[in-house]
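> Attaching a predicted model along with its sequence, questions to come.
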Amino acid sequence: MGWFSRKTSDPDPFDTGEGKREAAADAERQAAAFRAKGDTAAAEVCEQWAAKTRRDADDLDT
């Protein structure tokens, strides 16, 4: 099975606020790892994506 082995009928975990928050937390961990390596540009991209994903999660919850 490959990356796209999920059946179309399976719910997408990122369609929920909780799933989006988990993804944002992962992005923040990646940002911290990039900062530790000195890659500020990549860290900023991850942080921006995490912030947008958290806003999206909040929108789903309201």
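Looks like it arrived, so ask away.
> Assign the residue nearest in space to the middle of the chain to helix, strand or coil.
Residue closest to the mean C-alpha point of the chain, counted by C-alpha atoms, centre = their mean, is residue 23 at 2.9 Å. Secondary structure of residue 23, reduced to three states by DSSP: H, G, I helix; E, B strand; the rest coil: helix.
> Can you tell me how far it is from residue 56?
In this structure, residue 23 and residue 56 are 9 Å apart, going by C-beta to C-beta, to the nearest Å. Heads up, the C-betas are built off the backbone N, CA and C, glycines and all.
> How about residue 31?
Distance of residue 31 to residue 56, given as C-beta to C-beta: 17 Å.
> Give me the more crowded residue out of these two.
Under the neighbour definition other C-beta atoms under 10 Å, residue 31 and residue 56 were set side by side, and residue 31 has more, 21 against 16.
> Just give me the neighbour total for the closest residue to that one other than its chain neighbours.
With sequence-adjacent residues excluded and distances taken as C-beta to C-beta, 6 or more residues apart in numbering, residue 31 is closest to residue 46, at 3.7 Å. Around residue 46 there are 22 other residues, counting by other C-beta under 10 Å.
> Also residue 61?
Neighbourhood size, residue 61 [other C-beta under 10 Å]: 11.
> now do residue 41
A count of nearby residues for residue 41, using other C-beta under 10 Å, gives 8.
> got it, and residue 43?
Residue 43, neighbours per other C-beta under 10 Å, totals 19.
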